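Asker: Predicted coordinates and the sequence they were generated for:
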Amino acid sequence: MPATDRASSIVRPPGLIVAAPATNSGKTTVTLALLAALRRPGRVIQPYKCGPDYIDPAFHAAAAGRPSYNLDSFAFTRGRIAALLDAASGADLCIAEGVMGLFDGGSRIGSWGNGATADIAAATGWPVVLVIDVAGQSQSAGALALGFSTYRIDVKLAGVILNNVASARHEALVRAGFENHAVPVLGTLARHAGLAIKNRHLGLVQAREHAQLDERLEALATLAEQGIDLDALERAAVPAQFDTPATPRIAPPGQRIALASDDAFSFIYPHLLAGWRAAGAEIVPFSPLADQGPDDSCDAAWLPGGYPELHAGKLAAAMRFKSALTNFAQTRPVHGECGGYMTLGDGLIDADGNRHAMVGLLGLETDFAQRKLHLGYRLATLKTPAAGHPAGAVLRGHEYHYARVLSVSDEPLAEICDAAGAPTSETGSRRGHVTGTFFHLIDAAQELAA
């Protein structure tokens, strides 16, 4: 039954977390199958994603029909978590997808946790449904589940879903490993190679790029109905018991924000957009790939991350976009994150070694021909105002890209350290009204900024 939170008086629906022992276990597939199946009878399902991720929430939104919000114990203040839990008011059930393995986290200098899915499970009280990829094993899956059920006393395991079951015989052998302990098997998902979603270098191919996504989601929903006890799964869900007062407001970068939005620029967190709107801002999308510039009525422009490297030739040829953005930047702030940052630079070398001229508002040259992974949580202290925040503000976020910086000639934007507190070479840059960084903003570190 839904419960009323003491601090916010908001009625929150019951929820569950779909987690796994490790990455690539099938969490996203199972989550999408559950979202699509549970939605079929007309119920309202609120999706969430633990950890920093843009791509999985877009798939969640397609399956559930409503935005999926990230929950992160490293980057979010507890008040921000409370506000995002309150956003589920009116839903019948919450389904959150975990990140990496259930207990895997990045650091101990987080806002109030280390970024692990288990932190969210413990803080909300949501039981965990553990997805075990049983390809290549049978009874050992029971031992694995038993270990996960006892590892942290503040994390409750509701049961397991067995993924990648090859046959009825295989299922029987796996279930035999659960006969002598109390972790229930909530169901199975048969092997579904034909429904697999392709990967690229930053994760799954984006939801917006799948022409037949609805058909795949319907097929996954049918698999879930055939193999998973959805009634038992719903009975295991409990409302979030999170009594911190909500802080829904997020400082917007402007009153009317021109937001680059297309296949090259899509990595913007739904909670940021919701927070900007809650603060009274208006979002005005434009498409650089369609050679569009920011609307001149806007007072700020934001270029989010994405895949400019896959569209570098088209961006280089988008002269109206480049001219309009250059004119806009003469009098108003323009901010770019990761892919947006690279687009604001002088040039981008693609994976084939071809250089493409970018907008040229920052003295930045980046290279994808010789890729290098940059991954992890980040803590940034701004040297100058940027992204709607004043100089000196402390921001939490993450970095995830494969670009090499060949040269950068502008003044640094921020002092940035990794999750262990070590300074990073990436500082972002600023020239005039233009700022950019590989750092993806998630939340202001309010307790440190104060």
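Answerer: The structure has been received and is ready for your questions. Numbers count the residues shown, from 1 in each chain.
Asker: what about the strands in the stretch 151-300 of the chain?
Answerer: Secondary structure of the stretch 151-300 of the chain (DSSP state E, counting those that start in this stretch): strands located at 157-165, 185-190, 199-200, 203-204, 238-239, 256-260, 265-267, 282-286, 300-303.
Asker: List the neighbouring strands of the first one plus their orientation.
Answerer: So that's strand 157-165. Sheet neighbours of strand 157-165, with direction, are listed as strand 128-133 (parallel), strand 185-190 (parallel) (DSSP bridges).
Asker: Now render these as CSV, adding mean neighbour count, mean pLDDT and distance to residue 274.
Answerer: Yep, even glycine has a C-beta here, placed from its N, CA and C like the rest. What follows is these, written out as CSV (neighbours: other C-beta atoms under 10 Å; pLDDT from 0 to 100; distance: least, C-beta to C-beta, whole Å):
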stretch, mean neighbour count, mean pLDDT, distance to residue 274
strand 128-133, 26, 98, 26
strand 185-190, 22, 94, 32
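Asker: could I get the ones you listed as CSV with distance to residue 297?
Answerer: As requested, the strands paired with strand 157-165 are arranged in CSV below (distance: least, C-beta to C-beta, whole Å):
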stretch, distance to residue 297
strand 128-133, 47
strand 185-190, 49
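Asker: Ok, which of these comes nearest residue 266?
Answerer: Ranking the strands paired with strand 157-165 by their distance to residue 266 (criterion: C-beta to C-beta) puts strand 128-133 first, at 26.3 Å.
Asker: avg pLDDT for the helix or strand that the closest one is followed by?
Answerer: Per DSSP states H and E, the first helix or strand lying C-terminal to strand 128-133 is helix 140-150. Over the span of helix 140-150, the pLDDT mean works out to 97.
Asker: what's the answer for stretch 44-54, then?
Answerer: Model confidence over stretch 44-54 averages 95 on the pLDDT scale.
Asker: what's the distance between the closest residue to residue 217 other than its chain neighbours and residue 30?
Answerer: If the residues on either side of it in the chain are set aside, residue 217 comes closest to residue 36, at 4.5 Å by C-beta to C-beta, 6 or more residues apart in numbering. Counting by C-beta to C-beta, to the nearest Å, the gap between residue 36 and residue 30 amounts to 11 Å.
Asker: cool, residue 313 as well?
Answerer: Taken as C-beta to C-beta, the spacing of residue 313 relative to residue 30 amounts to 38 Å.
Asker: Settle it for me: which of these two has more neighbours?
Answerer: Neighbour totals were compared for residue 313 and residue 30, and residue 30 leads with 26 against 12 (other C-beta atoms under 10 Å).
Asker: Okay, and the more buried one sits in which element?
Answerer: Counting by DSSP H and E, the element that carries residue 30 is helix 27-39.
Asker: Low-confidence bits of this structure, can you list those?
Answerer: Counting by pLDDT under 70, the chain contains low-confidence ranges at 1-9, 107-111, 193-211, 248, 446-450.
Asker: all helices of the stretch 201-350 of the chain, in order?
Answerer: Counting by DSSP state H, counting those that start in this stretch, the stretch 201-350 of the chain has helices at residues 213-227, 230-236, 270-278, 312-316, 319-329, 339-344.
Asker: mind checking which of those is nearest residue 442?
Answerer: With C-beta to C-beta as the measure, helix 270-278 is the member of those nearest residue 442 (8.2 Å).
Asker: Name the residues of stretch 408-415 that are buried.
Answerer: Under the neighbour-count criterion of 16 or more other C-beta atoms under 10 Å, stretch 408-415 has 408, 410, 413, 414 buried.
Asker: Now tabulate those residues in a markdown table and tack on distance to residue 88 and secondary structure.
Answerer: Supplementary listing: the buried residues of stretch 408-415 in a markdown table, determined by distance: C-beta to C-beta, whole Å; DSSP: H, G, I helix; E, B strand; the rest coil:
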| residue | distance to residue 88 | secondary structure |
| --- | --- | --- |
| 408 | 42 | strand |
| 410 | 42 | coil |
| 413 | 35 | coil |
| 414 | 33 | strand |
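Asker: Need the overlap of contacts for residue 36 and residue 30.
Answerer: The overlap between the contact sets of residue 36 and residue 30 (C-beta atoms under 8 Å, 6 or more residues apart in numbering) consists of residue 224.
Asker: need the contact list for the residue nearest to residue 162 when sequence neighbours are not counted.
Answerer: Take residue 162 and drop its neighbours on the chain: the residue closest to it by C-beta to C-beta, 6+ apart is residue 188, 4.4 Å away. By C-beta under 8 Å, 6+ apart, residue 188 lies in contact with 161, 162, 163, 165, 171, 227, 228.
Asker: So what's the residue count around the nearest residue to the third one once chain neighbours are set aside?
Answerer: Read that as residue 163. The shortest distance from residue 163 to any residue that is not its chain neighbour, by C-beta to C-beta, 6+ apart, is 3.9 Å, and that residue is residue 26. The number of residues packed around residue 26, counting by other C-beta under 10 Å, is 22.
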